[in-house]
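Novice: Mind folding the following:
(2 chains)
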Protein chains: 2
Amino acid sequence: MNRPEPRSELRKPLPANLLAALQARLGERVSTSSAVLEHHGKDESAHPLAPPDAVVFPETTEEVVEIVRLGGQYNVPLIPFGAGSSIEGHVLAIHGGLSVDFTRMNRIHAVNVDDLDATVEPGVTRKQLNNHLDGTGIFFPIDPGADATLGGMAATRASGTNAVRYGTMKENVLGLTVVLADGRVIRTGGRARKSSAGYDLTRLFVGSEGTLGVITEITLRLYPQPEAVSAAVCAFPSVDAAVRTVIQTIQLGVPIARCELLDALTIKAVNRYSRLNLREAPMLFCEFHGTAASVAEQAQTVQEIAKELGGLDFEWAIQQEDRTRLWQARHDAYPACRQLRPGNRAFSTDVCVPISRLAECIAESNADIAKASMPIALFGHVGDGNFHLVVLIDPGNPADIAEAEAINKRVVIRALKMGGTCTGEHGIGIGKLDFLDAEHGAAVPVMAAIKQALDPRNLLNPGKVIR
Amino acid sequence: MNRPEPRSELRKPLPANLLAALQARLGERVSTSSAVLEHHGKDESAHPLAPPDAVVFPETTEEVVEIVRLGGQYNVPLIPFGAGSSIEGHVLAIHGGLSVDFTRMNRIHAVNVDDLDATVEPGVTRKQLNNHLDGTGIFFPIDPGADATLGGMAATRASGTNAVRYGTMKENVLGLTVVLADGRVIRTGGRARKSSAGYDLTRLFVGSEGTLGVITEITLRLYPQPEAVSAAVCAFPSVDAAVRTVIQTIQLGVPIARCELLDALTIKAVNRYSRLNLREAPMLFCEFHGTAASVAEQAQTVQEIAKELGGLDFEWAIQQEDRTRLWQARHDAYPACRQLRPGNRAFSTDVCVPISRLAECIAESNADIAKASMPIALFGHVGDGNFHLVVLIDPGNPADIAEAEAINKRVVIRALKMGGTCTGEHGIGIGKLDFLDAEHGAAVPVMAAIKQALDPRNLLNPGKVIR
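Specialist: Prediction:
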């Protein structure tokens, strides 16, 4: 976890003049109440609480500019805050400062059905956007499980269950409005489907975790609702058989939309949490998008592959209601697993490896799981080679934390040796700085040089991504 | 065209010590012969010749490091050179210096069929890679027409006919080895399908046109060969009807693999050049990839849309031979158009607009074409909203150049007003610096700050992208 040093007790309190200036500008939309500070000092990770000194709730890009300028004037860190659903400590105010909460910047500025794009404020959540799109025949596919804000998803290069078909935020952000550290506002990218006009600043800010600029507007790519959708679940005699089914599916070019593995322990947790009755064995949850004929053909192909590899209980769910229930259960895997030891926190690993190494990587990780002192569930987006170990820890127990960190390290080093990455979708935050070094070595100083060029005083989400 | 100032006659000749050091290291692989210099001082654009002072032919990343270090030591510009198929002057040595020719770095280091990726040197061309992949069941789809090098394609964020289905180089470069301006070697990205590990340096270097670092290795995403491929051509009573067919096709979510518009003049040129007998009317060339059933269904859908919009002579080409002939003709559109006025050069525009504005943008551009004094063909990747005007000019005639530049400017300003970009796939090079300002305004100084951070002495392809 590479936990940061506890916040220095020596750091200065927020300058009274800064607070007064913020209040003069934002009125009630500045808070220093302890409940609000605490809420903004934690996320879904097991990292210890690190509250900011104040929370501001801007409503416009112009207000963000003023906040950034005031922060700069008083040398105070700024930490963007969306839904707080990060699991890498992105929103923790480890050096104090101002948490910039985007709850009130949740307007959908434009939806262009003909062009399959939308422009939204960063506080819009993915469910809010899709509810807004209801009835238009188009949708936004990226789905990390949590109802995250689109600003947070862009900032962490999020993905989730649909990435195997629709890509990650990297592929689906067309443009951004960004407030830079000195208060300048820039617009990156645009609404054209492709462009070779200069450096790809959009992709630079996507995944920069709030450390290079503050995102205040996002233009997203949308997709036609598929004519038909079907889902399938299939149990397997082993994780290996499930993974090999996925590999063959991808290699055959089946345009599968979702392809998720849940191990037996996860299924057990999901059965309890979501009152399902699935066979407690490794299981694939798949979804197919296309025309009715194409969806049937895709499912047929996957069923044949699964059968050959020993798949059991292959079941289709064509009805919306059944599919919703199934995917709700999948999305609830994280809270469901947490219930395996009530009161515990979940510590999640997030490696992603080339798919040819996935079975081996999971098998070796299962050996780690077998030796662990706590329950560890394994599930993930296996179509991309991405999977999570959800390690249940008592955050008050240093032995638990140490063991979880050791397991994470083993999994990461294994994945890196296999040509993989330490984080498929959660980001670096404060927990993976060492692993970023291990993975990217000489490229890390280049990242630091870019940070230095764009935020020379290190006021934008300091301590995340770059030391 | 914003043509650069002619090379300063005051600039120093290449230092004799540098030449000696290069020769000591590379032997015969340093050239100052006038034929070689001339070859490296031009591309496929109408920009005037700008030869380098010497050309080096490295064979390894280590040799590139030494070349970069020597260039730095003697303060000499370095210009990467691939196939010379740029049409924005990227390879022109407008400030003199060393052209770094990648012809000899054309090895394919690895092909991972299971993982659908390959790692290649920058001098490998796209056809070379696909020939190498022949028989493996996988292929590399990005196809800009010319048999460009993959290094050049990565550096310019190239795309072409398949982008509507498979994306551009942005989506298909997984990782890079890059030699930085100070000789450091970094590895960006990796072989995992997705990663949230730090800033997306891969996407920063893709499209940076050799100005931030020298690419010496590229890991590419590959795709399963579709089980079935079919092509279709259809003539239309108007460009507008053709474009509206495309819009409806995209909006319905038909996963069309290629979708190209050729106007009547282009068809006339293509008929002559490729000895075809197509109706001389606006025409769509489409290609469908998938299973046999899916391909038939896609073609059926497009045929129905086309019919409703007045499409004529809808013809399928399922046989490989017919398809090859068709796409060869499409790819030869550029040289075919040049034959409309033999001896002329082609000046190509490259705007890309949101698809809802495409018909309007093309209609207004057709009004420009009608008023022009020279033949101008129009074709492009309309599935992405990207199209080209190929303006035939006598590069020795200043009036021709001025008229072409004026037309380009009108088209670009029109596209920008419609939310589009000045370049969909050709890049900025030396000809679009003003348009980059017009399109990205305040973001351009951010690009310059990144350039300054990574290449403070402005020795990497100076004068391209950033002034």
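
Novice: For the most centrally placed residue in chain A, which residues are in contact?
Specialist: Central residue of chain A (CA atoms, centre = their mean): residue A:158, 3.9 Å from the mean position. By CB atoms under 8 Å, 6 or more residues apart in numbering or on different chains, residue A:158 lies in contact with A:142, A:144, A:148, A:152, A:168, A:169, A:425, B:196. (Each C-beta comes from the backbone N, C-alpha and C, glycine too.)

Novice: if we go to 6 Å?
Specialist: Contact analysis of residue A:158 by CB atoms under 6 Å, 6 or more residues apart in numbering or on different chains lists A:144, A:169, A:425.

Novice: next one: residue A:87
Specialist: Residue A:87 makes contacts with A:44, A:45, A:348, A:426, as judged by CB under 6 Å, 6+ apart.

Novice: Same list, the contacts of residue A:158, but as JSON lines with pLDDT please.
Specialist: Below are these laid out as JSON lines (pLDDT from 0 to 100):
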{"residue": "A:144", "pLDDT": "93"}
{"residue": "A:169", "pLDDT": "98"}
{"residue": "A:425", "pLDDT": "97"}
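
Novice: Which ones among those residues lie within strands?
Specialist: Per DSSP state E, strands hold no members of those.

Novice: Columns distance to residue B:76 and neighbour count on top of these, output as a markdown table?
Specialist: Formatted as a markdown table, these follow (distance: CB to CB, whole Å; neighbours: other CB atoms under 10 Å in any protein chain shown):
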| residue | distance to residue B:76 | neighbour count |
| --- | --- | --- |
| A:144 | 48 | 24 |
| A:169 | 41 | 28 |
| A:425 | 43 | 27 |
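
Novice: wait, which of those residues is closest to residue A:279?
Specialist: residue A:144 (26.8 Å; CB to CB).

Novice: ok now do that closest one, which residues does it touch?
Specialist: Applying CB under 6 Å, 6+ apart, we find residue A:144 in contact with A:158, A:160.

Novice: just for chain A, where's the confidence low?
Specialist: A:1-12 (pLDDT under 70).

Novice: So it: which segments form each domain?
Specialist: A:16-101, A:108-224, A:228-333, A:341-440 (automatic domain parsing).

Novice: so of those domains, which one's packed in deepest?
Specialist: Greatest average neighbour count among these goes to domain A:108-224 (a mean of 23), per mean count of other CB atoms under 10 Å in any protein chain shown.

Novice: Off-centre distance for that one?
Specialist: Centroid displacement of domain A:108-224 relative to its chain, using CA atoms, centre = their mean, to the nearest Å, is 13 Å.

Novice: again, but for stretch A:241-260
Specialist: That offset, for stretch A:241-260, works out to 22 Å (CA atoms, centre = their mean).

Novice: Okay, residue A:108 and chain B: tell me how far apart.
Specialist: Separation of residue A:108 from chain B (CB to the nearest CB, to the nearest Å): 17 Å.

Novice: do residue A:21 as well
Specialist: In this view, residue A:21 and chain B are 25 Å apart by CB to the nearest CB.

Novice: do the same with residue A:252
Specialist: Residue A:252 is 6 Å from chain B, by CB to the nearest CB.

Novice: Distance check, that residue against residue A:295.
Specialist: 16 Å (CB to CB, to the nearest Å).

Novice: same thing with residue A:192?
Specialist: Taking CB to CB, one finds residue A:192 at 31 Å from residue A:295.

Novice: Likewise for residue A:288?
Specialist: 5 Å.

Novice: Now, the contacts of residue A:158 that are in helices?
Specialist: The members of these that map onto helices under DSSP state H are residue A:169.

Novice: From the contacts of residue A:87, pick the one nearest chain B.
Specialist: residue A:426 (6.1 Å; CB to the nearest CB).

Novice: so what's the backbone phi/psi at the closest one?
Specialist: phi -90, psi -30 (degrees, to the nearest 10).

Novice: Which neighbouring residues are in contact with it, exactly?
Specialist: Residue A:426 neighbours (CB under 6 Å, 6+ apart): A:87, A:88, A:350.

Novice: ok, and the closest non-adjacent residue to it?
Specialist: The spatial neighbour of residue A:426 that comes closest, neighbours along the chain excluded (CB to CB, 6 or more residues apart in numbering or on different chains), is residue A:350 at 4.3 Å.

Novice: give the contact list for the one you found.
Specialist: By CB under 6 Å, 6+ apart, the contact set of residue A:350 is A:388, A:423, A:424, A:426.

Novice: Pick out the most distant pair among those.
Specialist: Applying CB to CB across the contacts of residue A:350, the maximum distance is between A:388 and A:423, 10.5 Å.

Novice: coming back round to it: I'd like the contacts of residue A:426 laid out as TSV, including distance to residue A:384.
Specialist: Shown next, in TSV, are the contacts of residue A:426 (distance: CB to CB, whole Å):
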residue	distance to residue A:384
A:87	18
A:88	18
A:350	12
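
Novice: just to confirm, which helix or strand has residue A:434 in it?
Specialist: When secondary structure is defined by DSSP states H and E, residue A:434 falls within helix A:433-440.

Novice: any idea which helix or strand comes after that helix?
Specialist: helix A:443-454.

Novice: could you pull out the helices for the stretch 351-467 of chain A?
Specialist: For the stretch 351-467 of chain A, the helices defined by DSSP state H, counting those that start in this stretch occupy A:358-371, A:398-417, A:433-440, A:443-454.

Novice: what does the stretch 101-250 of chain A put close to chain B?
Specialist: A:114-115, A:156-157, A:159, A:168, A:171, A:184, A:186, A:188, A:190-201, A:203-204, A:207-208, A:224 (CB under 6 Å from any CB of the partner chain).

Novice: Among those residues, which are located in helices?
Specialist: Per DSSP H, those map to helices at A:171, A:201, A:203, A:204.

Novice: So the second one versus residue A:449, what's the distance?
Specialist: Looking back up the chat, that one is residue A:201. Counting by CB to CB - residue A:201 and residue A:449 are separated by 16 Å.

Novice: do residue A:20 as well
Specialist: For residue A:20, the distance to residue A:449 - CB to CB - is 37 Å.

Novice: same check, this time on residue A:239
Specialist: Applying CB to CB, the value for residue A:239 to residue A:449 is 42 Å.

Novice: got it, and residue A:65?
Specialist: 25 Å.

Novice: Show me where the stretch 101-250 of chain A has its strands.
Specialist: With strands called from DSSP state E, counting those that start in this stretch, the stretch 101-250 of chain A shows them at A:108-112, A:117-120, A:138-139, A:173-179, A:185-189, A:214-221, A:223-224, A:228-235.

Novice: Out of these, which is closest to residue B:271?
Specialist: The nearest among the strands of the stretch 101-250 of chain A, by CB to CB, is strand A:223-224 at 35.4 Å.

Novice: Direction included, what does the closest one pair against?
Specialist: strand A:138-139 (antiparallel) (DSSP bridges).

Novice: ok, and what's touching the partner strand?
Specialist: With CB under 6 Å, 6+ apart, strand A:138-139 has contacts from A:113, A:116, A:130, A:133, A:222, A:224, A:225.

Novice: ok, now which ones touch residue A:411?
Specialist: A:349, A:351, A:365.

Novice: Would you agree residue A:178 is in contact with residue A:212?
Specialist: No: in this structure, residue A:178 is not within contact of residue A:212 by CB atoms under 6 Å, at 7.9 Å.

Novice: With that, I have no additional questions.
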